[in-house]
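1. Sequence and predicted model, in that order:
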Amino acid sequence: MSGATGLAGIYVPGSSPLHRLPVGVKLLGLAVCCTVLVLLRSPWAMGAAALVTAGLYALSGVGAAAAWAQIRPVRWFAVALFAVQWVMAGLPTAAMLTSRLVLAVALAALVTLTTRTSAMLATLERGLRPARRLGVDPFRLSLLLSLTIRTVPVMAGLAVRVREAQRARGVEWSLRAFAVPLVVSALRHADALGEALSARGLDD
Amino acid sequence: MIDLADVHVRLGQRDVLRGITATLAERRIGVAGANGSGKSTLARLFNGLALPSSGTVTVLGEDTRRHAARIRRRVGFLFTDPDAQIVMPTVAEDVAFSLRRHKLPAAEVTRRVSAVLARYGLDGHADHPAHQLSGGQKQLLALCSVLVLEPEILIMDEPTTLLDLRHSRLVAEVLRELPMQVIVVTHDLPLLDGFDRVLVLDEGRIVADATPESALGHYRKLMA
């Protein structure tokens, strides 16, 4: 469940300059940094980018554990990418491409580590206001995203419970015995969530 | 105040509630009854989450059939399972979420959220992931998310079913101090100590409507 937990509880409280920056500025900065990473051609420049990224993490004060937790999910992908690129295009290209990917992930993670989900969603809602003319309801869209984020640990918890119930009954592995109760539980949760949203006045 | 006039609820082929008539004006009202007796459906009638098949439910002077959404803004509802009520990743964000449609200034939202979290002992958890709280803390968070809207009536549907003894006691203490009218559906009979009135349901009908001692005595006989 650690991945699920990480996704839903990614924000690290703090009062660093990065925490205080407006979300729009952080997102714009992330876009600029990722573009610069793509344009870098020299290993020295990439090394400097790595130092800048490390410096930003130090400035944010989120801690090494939180930083590593963001990079960890892509570690095997990065190793595989490095190996394939080394074979196909040589060591310098493999090193540049892999560094670019890892730094882009680290920078994106830094934005989420220093930004509350609600602030991110409020910015998204504001950004989507012009889309009202096309029939898009920004509030509903941001609600959908927040529910998606919130549902990840709930679904992971349901899966663990179903798996434990299976094992308790002596079934080590059965796709049907796993999927059916999981789908039923997920639908029940969706019903209850819908009712709870109505009860909180979000049904109009 | 809630008025029920000859309320019937039919779900599929089953009559869940049959001819309920009552005026609920007391400050603390309990509802007890066996599983499947219609308690939760009755609770859902009080804020328009369920509508009567026939008869009328009037809450704070408004008919739930015509003004359900408006009534829900005045009547808070606490469910059994807090996991189904928490929609935002962190504690403070979830409480603030309740206020989103009120378009309050950010400073006022922060003030109200901080006040309600402090009141119920969750201020130290404001930035914690909501799903990592204990069951009791989650139920308190769900309660905070309802109370931040300052409802005029609060409905609680089996609020202590998933809680341990300590957290059940905590909910009971919180309940005693709430300023608004509270209607609690529960199997946890000690929770109804000191209540003004208790209704006992059996097979969709009110079979006892009295003080807790008298009504729960009837309920115990019914369950014997």
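-> Happy to help now that I have it.
2. which SS class is B:Ile7?
-> Slight slip there: residue B:7 is Val, not Ile. B:Val7 carries the three-state label strand when classified by DSSP: H, G, I helix; E, B strand; the rest coil.
3. and the closest residue to it other than its chain neighbours, how many neighbours does it have?
-> In space, and not counting its chain neighbours, B:Val7 is closest to B:Gly55: 3.7 Å by C-beta to C-beta, 6 or more residues apart in numbering or on different chains. C-betas here are computed from N, CA, C, even on glycine. The tally of other residues near B:Gly55 (other C-beta atoms under 10 Å in any protein chain shown) stands at 16.
4. ok, B:Gly55 to B:Ala208 distance?
-> 20 Å (C-beta to C-beta, to the nearest Å).
5. do A:Leu134 as well
-> 57 Å.
6. by contact count, what packs against the longest helix seen in chain A?
-> Counting by DSSP state H, the longest helix found in chain A is helix A:138-168. For helix A:138-168, the packing partners by 3 or more C-beta pairs under 8 Å, 6 or more residues apart in numbering or on different chains; DSSP states H and E come out as helix A:2-8, helix A:117-127, helix A:175-199.
7. In contact with the nearest residue to B:Leu189 once chain neighbours are set aside, which residues?
-> Excluding the flanking residues, the one nearest B:Leu189 by C-beta to C-beta, 6+ apart is B:Leu216, at 5.6 Å. For B:Leu216, the residues meeting the contact criterion (C-beta atoms under 8 Å, 6 or more residues apart in numbering or on different chains) are B:Ala32, B:Leu189, B:Leu192, B:Val198, B:Val200.
8. Show the buried residues in these.
-> Neighbour counting with 16 or more other C-beta atoms under 10 Å in any protein chain shown marks B:Ala32, B:Leu192, B:Val198, B:Val200 as buried within these.
9. Which positions in chain B make contact with chain A?
-> Listed as neighbours of chain A in chain B under the rule C-beta under 8 Å from any C-beta of the partner chain: B:44, B:47, B:49, B:69, B:72-73, B:76-77, B:79, B:81, B:83-90, B:93, B:96-98, B:100-101, B:127-132, B:145-146, B:149.
10. Restrict these to the buried ones and give me that as a PyMOL selection.
-> Buried residues within those, by 16+ other C-beta under 10 Å, are selected in PyMOL with:
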select buried, chain B and resi 44+47+49+72+73+76+77+79+81+83+84+85+86+87+88+89+90+93+96+97+98+100+128+129+130+131+145+146+149
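11. Which of the residues of chain B next to chain A fall within strands?
-> B:Gly76, B:Phe77 (DSSP state E).
12. give me the residue from chain B nearest chain A.
-> B:Pro129 (2.9 Å; C-beta to the nearest C-beta).
13. Now stretch A:108-127: buried residues?
-> For stretch A:108-127, by 16+ other C-beta under 10 Å, it's A:109-125.
14. Okay, domains of chain B per the record?
-> Using automatic domain parsing, the domains assigned to chain B come out as B:1-74+B:154-224, B:88-150.
15. quick one: average confidence on the last one?
-> Computed over domain B:88-150, the mean pLDDT rounds to 89.
16. Show the pLDDT at residue 7.
-> No chain was given, so I picked chain A. For A:Leu7, the pLDDT comes out at 47.
17. meant chain B actually
-> 96.
18. Can you name the residues bridging to it?
-> B:Ile20 (DSSP bridges).
19. What is the neighbour count of B:Thr211?
-> Neighbour tally, B:Thr211, other C-beta under 10 Å: 12.
20. low-confidence ranges in chain A?
-> Scanning chain A for pLDDT under 70 picks out A:1-9, A:203-204.
21. Could you pick out the residues of it near chain B for me?
-> Going by C-beta under 8 Å from any C-beta, the residues of chain A near chain B are A:5, A:8-11, A:13, A:116-118, A:139, A:143, A:146-147, A:149-150, A:153-154, A:157, A:189, A:192-193, A:195-204.
22. By neighbour count, sort out the buried ones in those residues.
-> Using 16+ other C-beta under 10 Å, the buried ones in those are A:5, A:8-11, A:116-118, A:143, A:146, A:149-150, A:153-154, A:157, A:189, A:192-193, A:195-202.
23. re earlier: which two of the buried ones among the contacts of B:Leu216 have the greatest separation?
-> Within the buried ones among the contacts of B:Leu216, B:Leu192 and B:Val200 form the most distant pair, 10.7 Å apart (C-beta to C-beta).
24. Give me the common contacts of those two.
-> B:Ala32, B:Leu216.
25. Let me know whether A:Gln166 touches A:Ala179 as I believe.
-> No - the pair A:Gln166 / A:Ala179 is not scored as a contact, 10.9 Å apart, by C-beta atoms under 8 Å.
26. So between those two, which is more surrounded?
-> A count of neighbours by other C-beta under 10 Å puts A:Gln166 above the other of A:Gln166 and A:Ala179, at 16 against 11.
27. any idea how far A:Ala156 is from the closest residue to that one other than its chain neighbours?
-> In space, and not counting its chain neighbours, A:Gln166 is closest to A:Ala177: 5.6 Å by C-beta to C-beta, 6+ apart. Distance of A:Ala177 to A:Ala156, given as C-beta to C-beta: 18 Å.
28. now swap in B:Gly55 and tell me
-> 43 Å.
29. residues of stretch B:17-25 that come out buried?
-> Buried, per 16+ other C-beta under 10 Å, within stretch B:17-25: B:Leu17, B:Ile20, B:Ala22, B:Leu24.
30. residue contacts, A:Tyr57?
-> A:Ala67, A:Ala106, A:Leu110.
31. Then B:Leu24?
-> B:Met1, B:Ile2, B:Asp3, B:Leu4, B:Gln181, B:Ile183, B:Arg197 are the contacts of B:Leu24 under C-beta under 8 Å, 6+ apart.
32. which of those count as buried?
-> Here, 16+ other C-beta under 10 Å leaves B:Ile2, B:Asp3, B:Leu4, B:Gln181, B:Ile183, B:Arg197 buried among the contacts of B:Leu24.
33. In helices, which of the residues you listed appear?
-> Going by DSSP H, the helices hold none of the buried ones among the contacts of B:Leu24.
34. ok, these vs A:Pro43, which is closest?
-> B:Ile183 (69.3 Å).
35. In space, what's closest to the closest one - neighbours in sequence excluded?
-> The nearest residue in space to B:Ile183 (C-beta to C-beta, 6+ apart) is B:Ile29, at 4.7 Å.
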